[in-house]
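Q: I'd like to go over a predicted model; first the sequence, then the structure.
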Amino acid sequence: MITIHLEIKGKVQGVFFRANARRIAEKNNLKGWIKNKSNGNVESVVTGMKEDVDTFVEWCRKGPDKALVEEVVIITMETVFFEEFEVKG
């Protein structure tokens with residue numbers, strides 16, 4: 001199990017990024033959370049098997065159809081266990 005922190009930059013708010021990310025996370029058995037930031041970016045922390053986390057990251061690099069992802073900053077963290085994948089705020 002690994003945990004990563006992501007900051008997704010670009011046109012990523014108002015395009016159903018968080019809702020679609022939750023669907024992808026749940027499909028890949030990931031736990032954690034995702035939220036909008038006040039600077040226009042989206043922030044997420046996910047925990048799961050490395051292959052599943054990699055699938056989530058690849059999706060985040062593109063996002064939903066109306067998103068325009070410019071950059072995804074990833075930081076590996078100590079493993080954190082969550083009950084579910086939650087959309088915050």
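A: Done, it's in. This one's a predicted model, so the numbers in the text were calculated from it and none came from an experiment.

Q: any stretches of the protein with poor pLDDT?
A: For the chain, applying pLDDT under 70 flags no range at all.

Q: and the helices in it?
A: 17-27, 50-60 (DSSP state H).

Q: dump those to JSON lines, plus mean neighbour count.
A: Just so you know, the C-beta spots here come from the backbone N, C-alpha and C atoms, and that holds for glycine as well. Shown next, in JSON lines, are those (neighbours: other Cβ atoms under 10 Å):
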{"stretch": "helix 17-27", "mean neighbour count": "18"}
{"stretch": "helix 50-60", "mean neighbour count": "17"}
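
Q: any chance of these in TSV, plus distance to residue 86?
A: Formatted as TSV, these follow (distance: least, Cβ to Cβ, whole Å):
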stretch	distance to residue 86
helix 17-27	8
helix 50-60	14
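
Q: closest to residue 87 out of the ones you listed?
A: Each of these has some distance to residue 87 by Cβ to Cβ; the shortest is helix 17-27, at 4.8 Å.

Q: give me the contacts around the closest one.
A: Residues from elsewhere that reach helix 17-27 (Cβ atoms under 8 Å, 6 or more residues apart in numbering): 8, 31-32, 34-36, 42, 44, 46, 55-56, 59-60, 63-64, 67, 85-87.

Q: among those residues, the buried ones, what's the PyMOL command?
A: Entered in PyMOL, the line below selects the buried ones among the contacts of helix 17-27, by 16 or more other Cβ atoms under 10 Å:
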select buried, resi 8+31+32+34+36+42+44+46+55+56+59+60+63+64+67+85
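
Q: out of the helices of the chain, which gets nearest to residue 4?
A: The nearest among the helices of the chain, by Cβ to Cβ, is helix 50-60 at 6.1 Å.

Q: show me what the closest one packs onto, helices and strands only.
A: Counting contacts by 3 or more Cβ pairs under 8 Å, 6 or more residues apart in numbering; DSSP states H and E, helix 50-60 is packed against strand 2-11, helix 17-27, strand 42-48, strand 68-77.

Q: having no further points to raise, I will conclude here.
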